[in-house]
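Chemist: Build the 3D model from these lines:
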Amino acid sequence: MDRRAGFNLAVPHAALMPGDASERLAFETRAWAHLTSYLGRIEGLPRSFVSGSPAWHRASEAMRAEAQRFGSAAQVRQWVGARPDALSSESPPPTLYGGLTWWLAHVHAAATTVTSLQGQLSQAPSADEARQGLRRLGSLAERTRGQMGPLLVAVKEFKPAMLDANRELERVCQDAALALQQLQEQSGGLQARIQDLTQQSAKLGVFRGGKKQQLLRTTQQLQAELASRQAESERLREQLSALEAILRDGAWLEAAVDDLTEFLEKSRAAWSRFGSGIQQLAADATQAQLADTAWVAKALELPDAAAQWEALGRAARAFLLAALNDDASPHLARMENA
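Modeler: Next comes the predicted model:
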């Protein structure tokens, strides 16, 4: 390929996939695994899970609202189940995770189409057919790049809102931990008083029956109060245990969103560079050049580019199948045959 022409037509593999041999997308890091666990834990909490102070309620509802805005694989599975053409439709689902899954389905289909068209261009088509194929590639790249615009906006809006909700949850959990400590101290004090009254009652003789009954009534009242405090402590302990598990995953929240943002930005640049390069090639190449399969192969950076597109398509497909528990197969097949 003539580098002086300014073309760079191979998809930049390193920007979209990690450098190791695994076929996964660049944002699928350890942080991403923690983020999906974080959102799954929130989604799994029952609506009545958090009760008590208004601060607890506000924090949990804010956290739940942002998690629902991001979405989850479970929500996407429901969406795909309700709409057989969901992945190939022109409209993504309303959640961020759903939009990401939808876009990667289109990336998978686009990568398959790019590989197919590149194969056709390397098999000695006429110059006019080659130019038409290049223009199709350019249009495909522009469409795929354009589909991700709303997704990038959604990711950038999600990050500060989710971080704020997570910080508020951390604050109320700290307050709840102090409240739990106080409940435990109060329970310890009640137990000590009950033990003392029980010992006093045991020392009273038979002629002190009135006093003994009074001590018994007081002891029973304290035992009821102790049982209430212990039940409240157990409820609070269970809530804190579940929310602290969420917060441990939430420590990776910022890194995961940053990884996803970087991947999307690099993807947009890659599709833009590929599309503009292809369009320029289609406009500038002579009939003789386009009829020369060796020249076309060099211009398209074949076979390296084809291998990279195939790898990107497989990585996008692997993400979809993992997200949809292998239920995506017929939908992917429909897109490939479209």
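Chemist: now the helix or strand encompassing residue 109, how far from the chain's geometric center?
Modeler: When elements are assigned from DSSP states H and E, residue 109 belongs to helix 96-121. Taking Cα atoms, centre = their mean, to the nearest Å, the mean C-alpha location of helix 96-121 is offset from the chain mean by 20 Å.
Chemist: Can you point out the buried residues in the helix or strand following that helix?
Modeler: Stepping forward along the backbone from helix 96-121, the first helix or strand reached (DSSP H and E) is helix 127-147. Of the residues in helix 127-147, 127, 130-131, 133-134, 136-138, 140-142, 144-145, 147 count as buried by neighbour count, 16 or more other Cβ atoms under 10 Å. Where you see a C-beta, it was placed from the backbone N, CA and C, and this is true even at glycine.
Chemist: can you check stretch 149-158 too?
Modeler: Buried, per 16+ other Cβ under 10 Å, within stretch 149-158: 151-152, 154-155, 158.
Chemist: Same question for stretch 107-123.
Modeler: Neighbour-count burial for stretch 107-123, with 16+ other Cβ under 10 Å as criterion, is recorded at 107-115, 117-118, 121-122.
Chemist: cool, stretch 232-247 as well?
Modeler: Counting neighbours by 16+ other Cβ under 10 Å, stretch 232-247 gives 232-233, 236, 239-240, 242-243, 246-247 as buried.
Chemist: closest to residue 271 among those residues?
Modeler: residue 246 (35.2 Å; Cβ to Cβ).
Chemist: Assign that closest one to helix, strand or coil.
Modeler: Using DSSP: H, G, I helix; E, B strand; the rest coil, the three-state assignment for residue 246 comes out as helix.
Chemist: cool, residue 301 as well?
Modeler: Classification of residue 301 using three-state DSSP returns coil.
Chemist: do the same with the one 10 residues further on
Modeler: Classification of residue 311 using three-state DSSP returns helix.
Chemist: Show the contacting residues for the residue lying closest to it once chain neighbours are set aside.
Modeler: Closest residue to residue 311 in three dimensions, ignoring its sequence neighbours and counting by Cβ to Cβ, 6 or more residues apart in numbering: residue 23, at 5.8 Å. Residue 23 makes contact with 17, 311, 314-315, 318, according to Cβ atoms under 8 Å, 6 or more residues apart in numbering.
Chemist: Over to residue 185?
Modeler: The contact partners of residue 185, by Cβ under 8 Å, 6+ apart, come to none.
Chemist: quick one: secondary structure of it?
Modeler: With three-state DSSP as the basis, the three-state label of residue 185 is helix.
Chemist: ok, now residue 46?
Modeler: Using three-state DSSP, the three-state assignment for residue 46 comes out as coil.
Chemist: per-residue confidence for it?
Modeler: We note a pLDDT of 76 for residue 46 in this prediction.
Chemist: Residue 316 versus that one, what's the distance?
Modeler: When Cβ to Cβ, to the nearest Å is applied, the distance between residue 46 and residue 316 equals 34 Å.
Chemist: So between these two, which is more surrounded?
Modeler: Set side by side, residue 46 and residue 316 show more neighbours around residue 316, with 27 against 6, by other Cβ atoms under 10 Å.
Chemist: Can you tell me, leaving aside adjacent residues, what's nearest to that one?
Modeler: Nearest-residue entry for residue 316: residue 108, 3.9 Å, with adjacent residues in sequence omitted and distances by Cβ to Cβ, 6+ apart.
Chemist: and the closest residue to residue 312 other than its chain neighbours, what is it in contact with?
Modeler: With Cβ to Cβ, 6+ apart as the measure, residue 111 is the residue that lies nearest to residue 312, at 4.9 Å, once sequence neighbours are left out. When contacts are counted by Cβ under 8 Å, 6+ apart, residue 111 is found next to 309-310, 312-313, 316.
Chemist: rewinding a little: distance check, the residue nearest to residue 316 against residue 125.
Modeler: With the distance defined as Cβ to Cβ, residue 108 ends up 25 Å from residue 125.
Chemist: need the helix or strand of the protein with the lowest average pLDDT.
Modeler: The helix or strand of the chain with the lowest confidence, counting by mean pLDDT, DSSP states H and E, is helix 329-336 at a mean of 50.
Chemist: Output the below-cut-off pLDDT ranges for the chain.
Modeler: Using pLDDT under 70 as the threshold, the predicted model of the chain has low-confidence ranges 1-15, 19-21, 47-52, 205-209, 326-338.
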